[in-house]
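Chemist: here is my input; please provide its structure:
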Amino acid sequence: MSDTQSKIIDILKDGAFHSGEVLGEEVGCSRTAVWKHLRKLEALGLVIETTKGTGYRIVGGIDMLDEKSIVGALSVEARPHLSNIDIFQAINSTNTYARELAESSSVSGAVILAEQQTAGRGRRGKNWVSPFAANIYLSIVWDFEQGAQALEGLSLAIGVAVKRALTVHGVQGVKLKWPNDIYVEQKKLGGILLEMIGDPVGHCSVIVGVGLNVSMPALQATAIDQDWTDVTTELHTQQSNADGQKLSVRNTLAAALISEILPLMDTFQAQGFAAYRDEWQAADAFYGQSAEISTPKQSIAGVVRGVETNGALRLELDNGTIESFIGGELSLRLVR
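Modeler: Next up is the predicted model:
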């Protein structure tokens, strides 16, 4: 995205009409050039309305991420763990950038956010739909000294942190699907992607990626291949302050997520997943239901019976025995 397009977005984000002449003066280009830039912004998924004699507006305005607002809303517990925060207009993937950052320097506690991901990805390399200024794309870097074994159950613990943040934010009925999905009423609200770099048995860095649907545009949602929901839908109403001004849902939610995740990472190093197991199981979206777990070689059916203290899925087979599954290329789905 060009500097001129960023300036135009900053002007139009309030949702009010602005004339082409005023926009041109503000950003330093002709009205024709403004029109061309607006067409490119529409390609990001922004709905721009044009009215003759009035000008242009982004319908409904947009909720832009703001570092000052996010940092100002962080909890007292999270602040000591934050090393820095970077917010990008567009980036290929926040996890990819975080990985590159961690490979070049020690940045434990670094937070990366983006308005848009051009190559967002989920677990097992799946595409993550990432429209502009609509959702939360967040990555956090954290250093561990005990290697990969100390990370068992971390993705589930992060799920607990995300659920806490959403609940505080007013989203009810949040459930967790093993190993890394956030659900509301069997609809996907978000997901978690963990990546590790460094020594598998010693010092390593973990990239914690969280993608959360906040206000998913209908057009971009057509690329999602499963039932989904977003925070705006679940809240049912637009949050406003005492003066009737629209509040920044994404900034307050981003702050809530960071406030939950950073202290959890510190506690997890000392206590592991066992400290979060009961809370995770209380929110298990599939507990007691018939499901099928798929591995690269086979599919196994059974009844979901929660998780082990290391985060492994417990599946009750037809013969009554419990088999545990952890890590690798595993996927879980309900059997209807």
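
Chemist: going by C-alpha atoms from here, please, whenever you check contacts or count neighbours.
Modeler: Noted.

Chemist: my guess is residue 187 contacts residue 225, does it?
Modeler: No: using C-alpha atoms under 8 Å, residue 187 is not in contact with residue 225; the gap is 11.5 Å.

Chemist: and those two? Which one has more around it.
Modeler: residue 187 (16 against 7; other C-alpha atoms under 10 Å).

Chemist: hey, what's the closest residue to that one other than its chain neighbours bridged with?
Modeler: Among residues not flanking residue 187 along the chain, residue 228 sits closest, at 4.5 Å (C-alpha to C-alpha, 6 or more residues apart in numbering). With DSSP bridges applied, residue 228 shows beta-bridge pairing to residue 188.

Chemist: and residue 228, how many neighbours?
Modeler: Residue 228, neighbours per other C-alpha under 10 Å, totals 17.

Chemist: that one contacts residue 188, correct?
Modeler: Yes: if you go by C-alpha under 8 Å, residue 228 and residue 188 touch, sitting 4.4 Å apart.

Chemist: any buried residues in the lowest-mean-pLDDT helix or strand in the chain, and which?
Modeler: Lowest on mean pLDDT, DSSP states H and E among the helices and strands of the chain sits helix 218-221, with a mean of 72. Within helix 218-221, no residue qualifies as buried by neighbour count (16 or more other C-alpha atoms under 10 Å).

Chemist: measure stretch 86-102 end to end?
Modeler: Stretch 86-102 has an end-to-end distance of 14 Å (criterion: C-alpha to C-alpha, to the nearest Å).

Chemist: chain center to that stretch: distance?
Modeler: 13 Å (C-alpha atoms, centre = their mean, to the nearest Å).

Chemist: before we move on, what about stretch 30-41?
Modeler: Distance, stretch centre to chain centre, for stretch 30-41: 31 Å (C-alpha atoms, centre = their mean).

Chemist: and that stretch, average pLDDT?
Modeler: For stretch 30-41, mean pLDDT is 90.

Chemist: buried set for that stretch?
Modeler: 31, 34, 35, 37, 38, 41.

Chemist: same check, this time on stretch 287-294
Modeler: Buried residues in stretch 287-294, counted by 16+ other C-alpha under 10 Å: 287, 290, 291, 292, 293.

Chemist: for it, the distance to its chain's centre please.
Modeler: 25 Å.

Chemist: mind listing residues that contact it?
Modeler: Contacts to stretch 287-294, defined as C-alpha atoms under 8 Å, 6 or more residues apart in numbering, come from residues 281, 299-306, 330-336.

Chemist: 6 Å instead?
Modeler: By C-alpha atoms under 6 Å, 6 or more residues apart in numbering, the residues outside stretch 287-294 that reach it are 299-306, 330-335.

Chemist: right, and the helix or strand after the least confident helix or strand of the chain?
Modeler: helix 231-235 (DSSP states H and E).

Chemist: assign the residue nearest the centre of the chain to helix, strand or coil.
Modeler: The structure's the chain has its C-alpha centroid closest to residue 211; by C-alpha atoms, centre = their mean the separation is 2.0 Å. What DSSP: H, G, I helix; E, B strand; the rest coil gives for residue 211 is strand.

Chemist: residue contacts, residue 140?
Modeler: Here residue 140 is in contact with 110, 111, 207, 208 (criterion: C-alpha under 6 Å, 6+ apart).

Chemist: next: residue 119.
Modeler: Residue 119 touches 92, 93, counting by C-alpha under 6 Å, 6+ apart.

Chemist: from residue 139, how far off is it?
Modeler: 14 Å.

Chemist: how confident is the prediction for residue 57, by pLDDT?
Modeler: pLDDT, residue 57: 94.

Chemist: hey, where'd the strands end up in the stretch 1-150 of the chain?
Modeler: 48-51, 55-58, 84-88, 110-114, 136-144 (DSSP state E, counting those that start in this stretch).

Chemist: what's the closest of those to residue 8?
Modeler: For the strands of the stretch 1-150 of the chain, the distance to residue 8 is smallest for strand 55-58, at 10.3 Å, taking C-alpha to C-alpha.
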